[in-house]
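A.B. asks: pasted the sequence and its predicted model underneath.
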Amino acid sequence: MERLPFSHPHRFSIHKMSNKESDSTSNDSRAWRRVVVKVGTNLLTAGTEHLSTRFIDEIVRQVAELRQRGVEVVITTSGAVAAGRELLNGQGTTLPKRGVANRQVLAALGQASLMNHYARSMSAAGILVGQALVSRDDLESGHGYLNARNALLGLINSNAVPVVNENDVVAVEELEGEVFGDNDRLSARIADVVDADTLIILSDVAGLFDQDPRSHPDATLIHEVDGITDEIRAMSGVAGSDRGRGGMTTKVEAAEIATHIGINVIIASGNDENVLLRLQAGESIGTYFKSQSTHVEGRKRRMLAASGRTGDQIIVNAGATTALVDKGSSLLPPGIVDVHGTFARGAFVEIADSDGDVIAAGRSNYSSDDIHAIKGLRSAEAHEKLDNDYGDEVVHRNNLVLMRMQTNTVRDN
């Protein structure tokens, strides 16, 4: 496949390919561990007024195969509004397409139907499925992020496939196109929440083109993007369209969010046969956005920056220091000596040893007041002390990053 130069060849590469051609170029097999697959409304409905059971079955078939290959999968899905409209149409009732209140009604009606489609298909494939509805507030507040993370990781650890959707019934901004953009940006946030290594955004187009392929048959598909520049943003349609809901604009915005925190992103056509399996095998399909760092590095920077801004600290004894650094354990109440600062559940905090050296940073399961109440206590005693029980761990190992005290290397749990 011929590679052509662009104005910033060191930032991204273009493979020459017309809109009508296909690409069978292969690259190294991608070592996926955990991926988030985003499925949009246009794919789920195939451009019609009803959900495509056939498409959902096909995606689930590929997810089942990925799981057989050892890949953990999280799905973010749109389609609740479309499913609600299908239900109303079946009863001879219609609602105007415009209006937030109308779309809230459609989302409330369609959410159960959408999940029933996924549940039926997953069950036939022998897969447990768990539904998670999230809003912007859930992922932007400390305790909401922590709750979402714990729930989703719990589903994954239970060998289930989480199916995540924006809570359209209450998150009216999404219905107005101002929050996640047909769940594109939501998928990037969820990929961060669950520590995914790759985000796959399935679209009804083949990827990012240098021109709109619908009106320019000679449009060139960009196969690899090493960094999102103003030119890349312009190609996605940012100019003159800052509220595009579910178009290429929000997909590139999602890619920018994800790659900056160490997650690779692929935008590809969900209509391509076996697209997920072929991508996992290393075939060059769609547009590949290379991460700008490792996810471990991204998490470390965010946690240390956030905790360092506040100065909030949990001071631990020598036993807890050894358990955290050498054994990769969670932080439990018996190892806590003191708490510095005032913070709420879900806040970023530093964890320091008795000499004041910071050995870790993470999200706290408990507020500073709660930690004061349970520090030094055994788990059973701590549970009796508090009205709210968020588990044995004050900071779970899934929610912290460690720094080796001698080597200063980072260890992510």
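C.D. replies: Received, thanks. Numbering: from 1, shown residues only.

A.B. asks: low-confidence ranges in the stretch 51-200 of the chain?
C.D. replies: 97-98, 168-182 (pLDDT under 70).

A.B. asks: kindly recompute the last result at 90.
C.D. replies: The stretch 51-200 of the chain contains residues with pLDDT under 90 at 78-110, 134-147, 149-150, 166-183, 185.

A.B. asks: one more: the stretch 251-400 of the chain?
C.D. replies: Short version for the stretch 251-400 of the chain, where the test is pLDDT under 90: 260-262, 291-311, 328, 346, 348, 361-362, 379-380, 383-384, 387-391, 397-400.

A.B. asks: try it again at 80.
C.D. replies: Across the stretch 251-400 of the chain, residues meeting the criterion (pLDDT under 80) sit at 293-310.

A.B. asks: can you give me the helices for it?
C.D. replies: With DSSP state H, counting those that start in this stretch as the criterion, the stretch 251-400 of the chain has helices at 275-280, 295-310, 318-327, 368-374, 379-385.

A.B. asks: show me the domain layout of the protein.
C.D. replies: 11-293, 298-412 (automatic domain parsing).

A.B. asks: reformat those as CSV; add mean neighbour count.
C.D. replies: All C-beta spots, glycine's among them, are computed from the backbone N, C-alpha and C. Converted to CSV, the domains of the chain look like this (neighbours: other C-beta atoms under 10 Å):
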stretch, mean neighbour count
domain 11-293, 19
domain 298-412, 18
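
A.B. asks: so which elements touch the helix ranked longest in the chain?
C.D. replies: If you go by DSSP state H, the chain has its longest helix at helix 100-124. Under the contact definition 3 or more C-beta pairs under 8 Å, 6 or more residues apart in numbering; DSSP states H and E, helix 100-124 sits against helix 53-68, strand 72-77, helix 80-90, strand 128-134, strand 160-166, helix 172-175.

A.B. asks: and the angle for the second one with helix 100-124?
C.D. replies: Translated: strand 72-77. Following axes from the mean of the first three to the mean of the last three C-alpha atoms, to 10 degrees, one obtains 150 degrees for the angle between strand 72-77 and helix 100-124.

A.B. asks: and strand 72-77, how far from the chain's centre?
C.D. replies: On the basis of C-alpha atoms, centre = their mean, to the nearest Å, strand 72-77 sits 9 Å off its chain's mean C-alpha point.

A.B. asks: name the residues that touch it?
C.D. replies: 33-39, 44, 59, 63, 66-67, 114, 118, 152, 156, 161-165, 183, 186-187, 190-191, 194, 196 (C-beta atoms under 8 Å, 6 or more residues apart in numbering).

A.B. asks: one more time with 7 Å
C.D. replies: Under the contact criterion C-beta atoms under 7 Å, 6 or more residues apart in numbering, strand 72-77 has outside partners 33-39, 63, 66-67, 114, 152, 156, 161-165, 183, 186-187, 190, 194, 196.

A.B. asks: and stretch 31-51, C-alpha only, in PDB?
C.D. replies: Included here for stretch 31-51 are C-alpha records, laid out as PDB according to Å, rounded to 0.1, in the frame of the first residue of the first chain:
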ATOM      1  CA  ALA A  31      -2.000  -7.700  21.800                       C
ATOM      2  CA  TRP A  32      -5.400  -6.700  23.100                       C
ATOM      3  CA  ARG A  33      -6.100  -7.300  26.800                       C
ATOM      4  CA  ARG A  34      -9.200  -5.300  27.300                       C
ATOM      5  CA  VAL A  35     -11.100  -3.300  24.700                       C
ATOM      6  CA  VAL A  36     -14.100  -1.000  24.600                       C
ATOM      7  CA  VAL A  37     -16.300  -1.300  21.500                       C
ATOM      8  CA  LYS A  38     -18.500   1.600  20.700                       C
ATOM      9  CA  VAL A  39     -21.600   0.900  18.500                       C
ATOM     10  CA  GLY A  40     -23.600   3.800  17.200                       C
ATOM     11  CA  THR A  41     -27.300   4.300  16.300                       C
ATOM     12  CA  ASN A  42     -26.800   4.200  12.500                       C
ATOM     13  CA  LEU A  43     -25.200   0.800  12.700                       C
ATOM     14  CA  LEU A  44     -27.800  -0.600  15.100                       C
ATOM     15  CA  THR A  45     -30.700   0.500  12.900                       C
ATOM     16  CA  ALA A  46     -29.000   0.000   9.500                       C
ATOM     17  CA  GLY A  47     -30.500   3.300   8.500                       C
ATOM     18  CA  THR A  48     -34.100   2.100   9.200                       C
ATOM     19  CA  GLU A  49     -36.600   2.900  11.900                       C
ATOM     20  CA  HIS A  50     -36.000  -0.200  13.900                       C
ATOM     21  CA  LEU A  51     -33.100  -2.000  15.600                       C
END
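
A.B. asks: now do it: distance to the chain's middle.
C.D. replies: Computed by C-alpha atoms, centre = their mean, the chain-centroid distance of stretch 31-51 equals 14 Å.

A.B. asks: quick one, the longest helix of the chain and strand 160-166 angle?
C.D. replies: Counting by the same axes, to 10 degrees, helix 100-124 points 170 degrees away from the direction of strand 160-166.

A.B. asks: what's next to helix 100-124, contact-wise?
C.D. replies: 51, 53, 56-57, 60, 77, 79-85, 87-88, 95-96, 129, 131, 161, 163, 168-169, 172, 175-176.

A.B. asks: same check on stretch 336-347?
C.D. replies: Here stretch 336-347 makes contact (C-beta under 7 Å, 6+ apart) with 141-143, 145-146, 310-317, 349, 354, 363-368, 371-372, 375-376, 394.

A.B. asks: let's see 6 Å
C.D. replies: Residues outside stretch 336-347 that contact it (C-beta atoms under 6 Å, 6 or more residues apart in numbering): 142-143, 146, 311-317, 363-364, 366-368, 371-372, 375.

A.B. asks: in strands only, show me those residues.
C.D. replies: The members of the contacts of stretch 336-347 that map onto strands under DSSP state E are Q313, I314, I315, V316, R363.

A.B. asks: between those, which sits nearest T220?
C.D. replies: Here the nearest of these to T220, counting by C-beta to C-beta, is R363; it sits at 43.3 Å.

A.B. asks: rewinding a little: check the ones in strands among the contacts of stretch 336-347 and tell me the two furthest apart.
C.D. replies: Across these, the longest distance by C-beta to C-beta is 17.3 Å; it joins I315 and R363.

A.B. asks: any idea how far D210 is from the residue found closest to A382 once you drop the neighbours it is linked to in the chain?
C.D. replies: In space, and not counting its chain neighbours, A382 is closest to I374: 3.9 Å by C-beta to C-beta, 6 or more residues apart in numbering. Counting by C-beta to C-beta, to the nearest Å, the gap from I374 to D210 is 58 Å.
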